[in-house]
Every structure is written in structure tokens, then in C-alpha cells.
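Sequence plus the predicted model coming up.
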Amino acid sequence: MNSSWFREIRAVFMKEWQSEMRSQSGLITGLLFSVVTVYTISFAMLNTKIKGTEVAGLLWVALLFSSASSLPRIFLAEEEQGTAELLRLVARPHSVFWGKALFNSLQCVVTGILLSVLYLGFSGKVVTVPWLFAVCLVAGCLSLAGAVTLCGAIASQAINRAVLSAAIAVPLLLPLVSLGVSGMRVSLNDGLMSDGVGAAIGLVGYACATMATGPYIFAAVWKS
Amino acid sequence: MGVATAWSFLVPPAKGFQKPEMARIFLWHFPCPMLAVFLLMFGAWSSLRVFQRVTVKPSFSVSPETDHAMKSLWDLRAIAAMELGYLFCLLTMATGILFSEAEWGAWWSWDPRQTSFLIVLLIYAAYFALRFAYTDSGKKAAFSGAYSLATILPTLFLVFVFPRLPQIKNMSLHPSNSIVGGLIKGEYGQCVCLILALVAILTVYLFKLRVRAGLLEIRQENNDGQFEHLGNGSAPTGVVRPVSLP
């Protein structure tokens, strides 16, 4: 990757960063969503002893719906504000995808860490294999961000884009959730280590495949 | 098809089943997921060809009409494959649910295979939801095509990898070594091969019929547009058009 590509990706990323810092809507919404979700789950399971699999499952469901509802916004906002045409003129499609996917990844990882800290704090569960937990969380967030960014771009010009982007993203992300739960439950002392490692490898592979194929599919639709 | 249907009811009841006579549903269940997955992959490949005409081939090598016609043709092939694939997905679920009730005693038993195929069905449904959300035919082809390409990896994972994961495989009641283990033999083997071949031929026929119907529809729309254009709003000679009376 030469310097012109790097410059374009950095420019797109910085544009998203500055937009976010100006409004801080994504950050505040993510924070509020995390606190409310964790509180609701803990409140619903008051005085209930839950196992590692259930903790991992609920954490992934919260992460899935948080990302599917907030991350596609990055493309929908471009279309609504009428800035998409300018972006089409000034940057190459691959740079646009990478810039936006990286920003979404950062947002998703921050939300994931926040959700995990809050949820583990509320449930009182101890992470017995921290490296496995971290790998599952980061690789899962990268995969989520890549897939949801692509779905946001695909639905960005549709009639009911806000609902549709989440509706088309969720079926694609369900295999990811299954792998995420398989890996994370082992890190919470529930299951065999070999299964957890296999799931973590699967998550890393999913993240690589999503990030590798995403720009090509995106490039095909970006100029449509 | 009639002979195959009759034969599927005449094969002897299978051994080792809760309701041996209900094992015959397998003969119709077996071809459905195979064809559904094949058609999903073919739909994705057809979508890729739509993009290839736009992005790979230089625009000066083909005239705009040819390029547009080829794009329309590949898009029609993609939608025909996806529609038939969706039908086979529904048939897979229906026959699977019947078998589940007969063999495992519940219509829905959260078997990993049942669950993973339900997600494939949701992916198909999302494809159609996306397609209906666009009105422009070019965008419809491009955006739904992109989605069908994005679904390849999750679909392959759900159909071929997920049910065979060690921790999942042990939970599943669904057999996964029927073909590799050579468990389908004798009259059952012959009958299932005949049904698979006949259903595949019928699918090819329906696919071609759907593509032809789509092409006729496009031609009809083009003709209507030409009449509007040539006649400057009024009908050309020899064409009777409805008029509004005062």
C-alpha cells in the first residue's frame, strides 16, 4: 500500500473522527446503550446464578444489536446530508471502505470493552482466560464492524434504509455470534479449551475474510 | 415425476426409525438443501457477472445497449436462481420439520442443522427485502448482487462448517454421514438418485422459464417506451390506445 492510499484512508478516518467529536452522538448513544442493556439484563436476572455460556450469549446479543443499530449510520448519514457525492469524487472506493471500517472497528471495540467491563462487573463473573476473552472480543468487533459497514453501504440508498441495514446485517452476523459465544464461554470457565481456541481462530479468520473481501464488494456498489 | 412419486411411496419402510413409514420423507428432503445451496451459489456467481460487465470490461469494448442487455440477463439469472433457491429452502424446512416430528417427537427441536438452515432462510429473506427496497432496476441489480456476494461466506459456514464443529456435532440428532458412510443403499439409493435427477431437471426448466418471462417483460417495457418516444406522446399508426372521454 503506497502513501497515497494511506493518505486517503487516513483522511476518511479523520473526517469520521472529527464529525463524531463535533456531535459526540455515536459515543453518547453507545455509552447509554451499553449501560441500559447491562442494567436491563442484570435486573431481569436478579438473584439468578448464570453460567459462562449464558453470560457470553447475552454479551454477544448486546454487542450484535448495538453494532447493527449504530454502525450503519456512517453511510446513511452521508446519503442524508448529501455528502456522499463529494466523497465519491475525492476518494477511491477502497479508501472509503477502509477509512469507515476502521472508524467503525474502533467504535465497536470501545463499545465492546465498555459492555464487557460493565456486564462482568454486574454479573460478578471472573475471566479465567483473559487472552482468549480479548482475542474473541477484538476479532469479533472487527468482523462485526466490517460486515455492518458493508451492509450500511448496501442499504444506504434504499427506501427504508435505517431499518433495512440492521435487518440485512443480522442474518450475516449470526454465525459470528455463534463463534463468539463458543470462544468467550471458555474464557469464562465453561467448556473445553480446544473448542475455545478453535472458535477464536474461526473469529480471526472471519475478520480477515470480511476485511479482505469487503472493499471489493463495496467498490462494485459505491459508484452505482 | 409421477413414476418417481409413486415409487417413493412404494419403497419398503426403513429400519431403525421411530416411524419407519415416515422415513420416506427423506427421499424428498434430500434433494432440497443440495439444490437450495447450489442455487444460492449460482445466484451469487450471476451477480458477480453483473459487476464484471460494469467494472472489469472496458466500456469502449461493448456498445451501451449490449452491456445493458447483458447486465439485465445476468441479473435475471441471479433473481431466478434466488427465487428457486428460496423455494427449495422452504421445502427443506417443511420436510425437515415433518421428519423432526416423526423421528424426534417435536416439530422444532433446536437441532444445529435445523437452526443453521433457518439462518440461511433468513439470509435469503434479507436478499429479497433488499431487492424490494430499491425501485431503480440498475440499483436493484447492483445492491442485491453485492449482498448475495457478501452472503457466500456465512452460508458456506452455516451449511458445511457449523454442523460439523466438534462441540456442535455431538449435540445434533441429524445424521451427517448418510452419503459418505454409504448408509443410503438398495432401493432407497436408486429412488433418491432418480428424484434428485428429476427435481434438478425440473429446476433447470423452471429457471429457464423464469429467465424467459423476465426477458419478455423487459422487452415489453422497452417497446412501450419506444412507442412513447417515437409518437412524441401520441400513439403510432396501427396502435389502439385508450382515450379518456369527457
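Done, it's in.

Give me the spatial nearest neighbour of residue B:142, chain neighbours excluded.
Nearest non-adjacent residue to residue B:142, counting by C-beta to C-beta, 6 or more residues apart in numbering or on different chains: residue A:224, 4.0 Å away. Where C-beta positions appear, they are placed from N, C-alpha and C, glycine not excepted.

for that neighbour, helix, strand, or coil?
Under DSSP: H, G, I helix; E, B strand; the rest coil, residue A:224 falls in the coil class.

again, but for residue A:50
coil.

what about the residue nearest to residue B:142, neighbour count?
17 (other C-beta atoms under 10 Å in any protein chain shown).

So residue A:58 sits against residue A:41, correct?
Yes. In this structure, residue A:58 is within contact of residue A:41 by C-beta atoms under 8 Å, at 5.3 Å.

shared neighbours, those two?
residue A:119 (C-beta atoms under 8 Å, 6 or more residues apart in numbering or on different chains).

Provide a complete list of residue ranges assigned to strands in chain B.
In chain B, no strands are found when defined by DSSP state E.

Near chain B, which residues of chain A are found?
A:147, A:150-151, A:154-155, A:157-161, A:164, A:167-168, A:170-172, A:174-176, A:178, A:182, A:191-192, A:194-195, A:198, A:206, A:209-210, A:213-214, A:217-221, A:224 (C-beta under 8 Å from any C-beta of the partner chain).

filter the residues you listed to the buried ones?
A:147, A:150-151, A:154-155, A:157-158, A:161, A:164, A:167-168, A:170-172, A:174-176, A:178, A:182, A:191, A:195, A:198, A:206, A:209-210, A:213-214, A:217-221, A:224 (16 or more other C-beta atoms under 10 Å in any protein chain shown).

In helices, which of those fall?
A:147, A:150-151, A:154-155, A:161, A:164, A:167-168, A:170-172, A:174-176, A:178, A:182, A:195, A:198, A:206, A:209-210, A:213-214, A:217-221 (DSSP state H).

quick one, phi psi at the residue of chain A most remote from its centre?
The C-alpha centroid of chain A is most remote from residue A:47, which lies 30.7 Å away (C-alpha atoms, centre = their mean). Main-chain dihedrals, residue A:47, degrees, to the nearest 10: phi 60, psi 30.

where does it land on pLDDT?
For residue A:47, the pLDDT comes out at 75.

same deal with residue A:1?
58.

Next: residue B:236.
Note on residue B:236: pLDDT of 53.

for the one 5 residues further on, same thing?
What the model reports for residue B:241 is a pLDDT of 63.

Check residue B:209 too.
For residue B:209, pLDDT reads 92.

Share the number of residues neighbouring it, please.
11.

residue contacts, the residue nearest the centre of chain B?
Per C-alpha atoms, centre = their mean, the C-alpha nearest to the average position across chain B is that of residue B:85, at 1.3 Å. Neighbouring residues of residue B:85 by C-beta under 8 Å, 6+ apart: B:35-40, B:43, B:124.
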